[in-house]
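Student: After the sequence you'll find the predicted model.
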Amino acid sequence: MIVTIDGVAASGKSSVASGVARALGVPYVSSGLLYRAATLLGQQAALDLREVTGLISHLQAHALRLEPLSEGNRVWLGEQDLTGDLHSTQVDRDVSVVAAHPEVRAWVDEQLRALPAPFVAEGRDMGTNVFPQAAAKFYLTASPRVRAERRAHERPEDVAAIEAALVERDTLDTTQSAPAEDARVIDTGPLSLQGVIETILSTLPKK
Ligand SMILES: Nc1ncnc2c1ncn2[C@@H]1O[C@H](COP(=O)(O)OP(=O)(O)OP(=O)(O)O)[C@@H](O)[C@H]1O
Ligand SMILES: Nc1ccn([C@H]2C[C@H](O)[C@@H](COP(=O)(O)O)O2)c(=O)n1
């Protein structure tokens, strides 16, 4: 079974996907980490990230591997674990530009579709584009202020600055981020993390 959890930035996708995956005893798959890793590699090579040709050749020459586990995903460049560097403000700033390239999206989608089911996949277009056949689909939202306040517990930054960056990223990600027609939309604002996980688990089809 494949379950998809899409949603806006910092809406709780990875925390919720991890909780649902652990309850089901399957891995979760964080598609955003591959876009983040592509961005980091491009930044480290000082590439112009608006130019897709150079970026794609660079990605093809550097084998990135997503390791999906229920407790947390890791991205490897050979033996080097890039995961700790992927949720920085610097990567956040450029990742939407990288993710807007159709060639980069095809590179990510190919890796995701090669993964063996069952799993819980989270991102922006898991239910619409990558796994339209998924058994159950969810789309998480929350107001920019709620999301910024949650993020502020993780990063030593001002809530207003985080909120402004989230709103900008929401706008840039609009094209690829939409609920599937058959997705259940959940406003996570009034819910605890465990509340969102239980809401999803309670609506999953029985195996
Ligand atoms: N319902 C909730 N109630 C309270 N805190 C939550 C809830 N959902 C998520 N959080 C917290 O919000 C923060 C952001 O969650 P998370 O990183 O899972 O979001 P995300 O959508 O995967 O983010 P990104 O788009 O940046 O990858 C985390 O600190 C997480 O613990
Ligand atoms: N399926 C996906 C997943 C992610 N993206 C883009 C959009 C985000 O700004 C960026 C980072 O994702 P996050 O870690 O915030 O989930 O990657 C996308 O376009 N499609």
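Tutor: That came in fine, so what should we check first? Predicted, not measured: the structure shown is a model, and the values here were computed from it. Ligands and ions are numbered 1, 2, ... in the order given.
Student: pLDDT score assigned to whatever residue of the chain ends up closest to ligand 1?
Tutor: Going by CB to the nearest ligand atom, ligand 1 is nearest to Gly12 of the chain, at 2.8 Å. C-beta coordinates here come from the backbone N, C-alpha and C atoms, glycine included. Looking at Gly12, its pLDDT reads 95.
Student: Which residue comes closest to it once chain neighbours are left out?
Tutor: Closest residue to Gly12 apart from its sequence neighbours, by CB to CB, 6 or more residues apart in numbering: Thr188 at 5.0 Å.
Student: okay, now the one you found: neighbour count?
Tutor: 24 (other CB atoms under 10 Å).
Student: residue contacts, it?
Tutor: 11-12, 16, 140-142, 146, 196 (CB atoms under 8 Å, 6 or more residues apart in numbering).
Student: make it 10 Å
Tutor: If you count contacts by CB atoms under 10 Å, 6 or more residues apart in numbering, Thr188 has them with 7-8, 11-13, 15-16, 140-143, 146-147, 150, 195-196, 199.
Student: what subset of these is also close to ligand 2?
Tutor: Among those, the residues that sit close to ligand 2 (CB under 6 Å from any ligand atom) are Lys13.
Student: Give me the subset of the contacts of Thr188 lying in helices.
Tutor: 13, 15-16, 146-147, 150, 195-196, 199 (DSSP state H).
Student: between the residues you listed, which is nearest ligand 2?
Tutor: Nearest to ligand 2 among the ones in helices among the contacts of Thr188 is Lys13, at 5.8 Å by CB to the nearest ligand atom.
Student: Below-threshold pLDDT in this protein: ranges please.
Tutor: For the chain, the stretches flagged by pLDDT under 70 are 207.
Student: tell me which parts of it are close to ligand 2?
Tutor: So the chain meets ligand 2 at 9, 13, 31-32, 35-36, 95-96, 99, 123-125, 169, 173, 176 (CB under 6 Å from any ligand atom).
Student: related to what we said a few turns ago, redo the ones in helices among the contacts of Thr188 as JSON lines? Include neighbour count.
Tutor: Formatted as JSON lines, the ones in helices among the contacts of Thr188 follow (neighbours: other CB atoms under 10 Å):
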{"residue": "Lys13", "neighbour count": "27"}
{"residue": "Ser15", "neighbour count": "17"}
{"residue": "Val16", "neighbour count": "27"}
{"residue": "Val146", "neighbour count": "18"}
{"residue": "Arg147", "neighbour count": "25"}
{"residue": "Arg150", "neighbour count": "19"}
{"residue": "Gly195", "neighbour count": "13"}
{"residue": "Val196", "neighbour count": "23"}
{"residue": "Thr199", "neighbour count": "16"}
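Student: Break down this structure into its helices, ranges please.
Tutor: Remark: helices assigned in the chain by DSSP H are 13-24, 31-44, 52-61, 89-99, 102-113, 144-152, 159-173, 193-203.
Student: So which bits of this structure are right by ligand 1?
Tutor: 7, 9-15, 32, 150-151, 153-154, 188, 191-193, 196.
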